[in-house]
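Peer 1: Okay, predicted coordinates and the sequence, questions at the end:
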Amino acid sequence: MSDAPAVPSLVQHARLFEAGAHVVAAAFVDGEPMLALADGSVLVGGPEGQRRVVIHPDGAILTAISDGRTLLTGGDDGRVVALGADGAPREIADEKGRWIDALALRGKAFAWSAGKEVRARDESGAVKSWSAPSTARGLAFQPKGYRLAATHYNGATLWFPKVEGAPQTLEWKGAHLDVSFSPDGRFLVTSMQENALHGWRLTDSRNMRMTGYPAKTRSLSWSHDGQWLATSGADAAVVWPFKDKDGPMGKAPRECGVRQARVTRVAFHPKALVVGIGYADGAVLLCRLADGAEIPARDPGGAAVSALVWDAAGGRLMFGLESGAVGLLTLPG
Amino acid sequence: MTTSREPEKIPVTVLTGYLGAGKTTLLNRILSEPHGKRYAVVVNEFGEIGIDNELVVGADEEVFEMNNGCICCTVRGDLIRIIEGLMKRKGRFDAIIVETTGLADPAPVAQTFFVDEDVREAARLDAVVTVADAKWLAARLRDAPEAKNQIAFADVIIINKTDLVSAAELREVEARIRAINPYASLHRAKNCDVPIADVLERRAFDLDRILDIEPDFLVADDHDHDHEHGHDHDEDHHHHHGLKHYHDEDMQSVAVRLEGDVDPAKFMPWINRVTQEQGLNILRCKGIVAMKDDPKRFVFQGVHMMLDGDSQREWRPDEKRESKVVFIGRDLVEEDIRNGFLACAA
């Protein structure tokens, strides 16, 4: 390796620290680094110093999401908790010991699921419930309007919590897991038990199958312009084109950061067509979509990357591992 | 083959048994013993478990068909989700026990461990343990296909409530069980009072532990099945060393032994074909095979159409190279299986 030309690397620019538990999700909440941990706590603060806020005492955080203003956690104690930048926890719901399987967040509206029960809480605090045909594994708010998508066995359902009447179910055989709307709201994409993605064009419910993954896709990230969807589940980040009206139908995806390790997390840069990629072997790299150029951000080793997030400006990338190892990369210049 | 570098996977024990057989009694028994182990317990109904310091998770028994072209390939979606969640509590428990409902088919639970890569990485199926009611099992085998499935599928069978039946009735129910599944280890119990070692850490699905495939006999038998009993002359049994042998009408086991080596070029297509063609009816299969020119034993096991096989240890110099396959299932075409396997001889 010493004879090879020097590869530009950002590894030295990442400041490392220890979270002490499996990192479930990482977030920048109004710029403040936060790590949701499997031991039920949230670590607030960057490498220069952190404080631990116990959110789910004696429990585990099963799932956590953030929109950059709020960190929302769901625990195996049945509680849904929101944190702002001050790190003060605010209980949103208590499902009495049932596991919180999925969360969605937009502004001051929250949604969560426990088994088949799906609940949405609007800005005023009014909670509405809908019972899915089977456990709802994924939730997402539509970009515009108070409408929620929930995945379940044999499809996904679009539900207007404030409107009486039957929700609209998009059917596709199989168990659907995570779910995401395209930023323009034209497409709904789910990951599936069968190592595939499924998509619907919402104007006409046309089906899109995105297959060929060797493992389940559990991380989805849209590019800032909404034209690309980066996905985990292969030995490269698989990036599907969504620019055209047909989305990725009939088109091949790009592959970024091909390595001998499974991609576990993907995160598109908020302002450029650069995707952050985390792998099962602990490596993190940045890949430029235009030419496939790669820059390492963390050398392999340790455990699988389980959390990856950019700050709103795109100047910092935070990654967390199942082992609790964490790094905060500040881009130079 | 497992290597020492591989992190130890969490063992998962599946408890099945028809309604009222005593699953919850067994579960409470396991949990209350002073074993020093911590269990995560997956149950369908809260409230029946008398131990509250364990990690108890409610399940919904969501059986999902997989879109992989295999019609009998079903998995337990809730189990995949629960194991993923439990892995976030890694280090806080040593093993997982899954209690199924009385009407549950054990196959989707077992297949989950064959099909789902994430589950396979985190956990291993240890054994399917079936609790049978000594008094009512014979009747359930007649009218409840679920009960028969649970017996056929089991690695360990506990005949419970033996104090409620006579010695003759007990022998009868044992013979009925043996007619369906001669390979499970069988234990008698009054109030599910069996040693925990008979139930947990069986490694029944561990290819390295497939040492021999012989019908199991009750080691702790009460030696009274010699001559004097069995004077009822039903048409569905005959006498053989005084032990009654039944032939279940639709569920049976087929065992075929082949002296010497097997040609892998014939055997591999055959075993794949048999499990594809008859996989709907095959509940379990297992085999130890002497492959031509291979110093190691080839072992395999399967559930319906799922197969898992690997080279195991070397054949010992004093060991006779022979091959044996066993199938447990419904309406198996014994002649086809027998002739097909024998035709694989090298």
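Peer 2: Here it is on my side, so go on. Model, not experiment: these values are computed from the prediction. Numbering: from 1, shown residues only, chains lettered A, B, ... in the order given.

Peer 1: Flag the shaky bits of the stretch 101-250 of chain A, pLDDT-wise.
Peer 2: Scanning the stretch 101-250 of chain A with the threshold set as pLDDT under 70 gives no residue ranges.

Peer 1: interface residues of it facing chain B?
Peer 2: A:101, A:115-116, A:134-135, A:137, A:153, A:173-175, A:193-194, A:215-216 (C-beta under 8 Å from any C-beta of the partner chain). All C-beta atoms are positioned from the backbone trio N, CA, C, and that covers glycine.

Peer 1: Now for those: which two are most distant?
Peer 2: A:Lys116 and A:Ala215 (26.6 Å; C-beta to C-beta).

Peer 1: so A:Gln260 makes contact with A:Tyr279?
Peer 2: No - counting by C-beta atoms under 8 Å, A:Tyr279 is not a contact partner of A:Gln260; they are 9.2 Å apart.

Peer 1: neighbour-wise, which of these two wins?
Peer 2: The neighbour comparison of A:Gln260 against A:Tyr279 (other C-beta atoms under 10 Å in any protein chain shown) goes to A:Tyr279, with 24 against 8.

Peer 1: Look up how far A:Leu273 lies from the more buried one.
Peer 2: Distance of A:Tyr279 to A:Leu273, computed by C-beta to C-beta, to the nearest Å: 20 Å.

Peer 1: swap in A:Leu328?
Peer 2: 23 Å.

Peer 1: How many neighbouring residues does B:Glu259 have?
Peer 2: Applying other C-beta under 10 Å, we find 10 other residues in the vicinity of B:Glu259.

Peer 1: for chain A, what's the longest strand?
Peer 2: Of all the elements of type strand in chain A, the one with the most residues (DSSP state E) is strand A:168-181.

Peer 1: Downstream of it, the next helix or strand is which one?
Peer 2: Using DSSP states H and E, the next helix or strand after strand A:168-181 towards the C-terminus is strand A:187-192.

Peer 1: any idea how far the helix or strand just after that following strand is from the chain center?
Peer 2: Remark: after strand A:187-192, the chain's next helix or strand is strand A:196-201, criterion DSSP H and E. Taking the mean of its C-alpha atoms, strand A:196-201 sits 17 Å from the chain's own mean (C-alpha atoms, centre = their mean, to the nearest Å).

Peer 1: so what does strand A:196-201 touch, helix or strand wise?
Peer 2: Packed against strand A:196-201, as judged by 3 or more C-beta pairs under 8 Å, 6 or more residues apart in numbering or on different chains; DSSP states H and E, are the following elements: strand A:168-181, strand A:187-192, strand A:206-210.

Peer 1: go with 10 Å
Peer 2: Strand A:196-201 is packed against strand A:148-159, strand A:168-181, strand A:187-192, strand A:206-210, strand A:228-231, strand A:237-241, with contacts defined by 3 or more C-beta pairs under 10 Å, 6 or more residues apart in numbering or on different chains; DSSP states H and E.

Peer 1: Surely A:Lys271 and A:His224 touch.
Peer 2: Yes - with contact defined as C-beta atoms under 10 Å, A:Lys271 counts as touching A:His224 (5.6 Å).

Peer 1: joint contacts of those two?
Peer 2: Overlap between the neighbourhoods of A:Lys271 and A:His224 consists of A:310, A:314, taking contacts as C-beta atoms under 10 Å, 6 or more residues apart in numbering or on different chains.

Peer 1: Now A:Lys162: closest residue in space, sequence neighbours ignored.
Peer 2: Excluding the flanking residues, the one nearest A:Lys162 by C-beta to C-beta, 6 or more residues apart in numbering or on different chains is A:Tyr146, at 5.9 Å.

Peer 1: Drop anything exposed from the residues of the stretch 101-250 of chain A next to chain B.
Peer 2: For those, a neighbour count by 16 or more other C-beta atoms under 10 Å in any protein chain shown gives the buried set as A:101, A:115-116, A:134-135, A:137, A:153, A:174-175, A:193-194, A:215-216.
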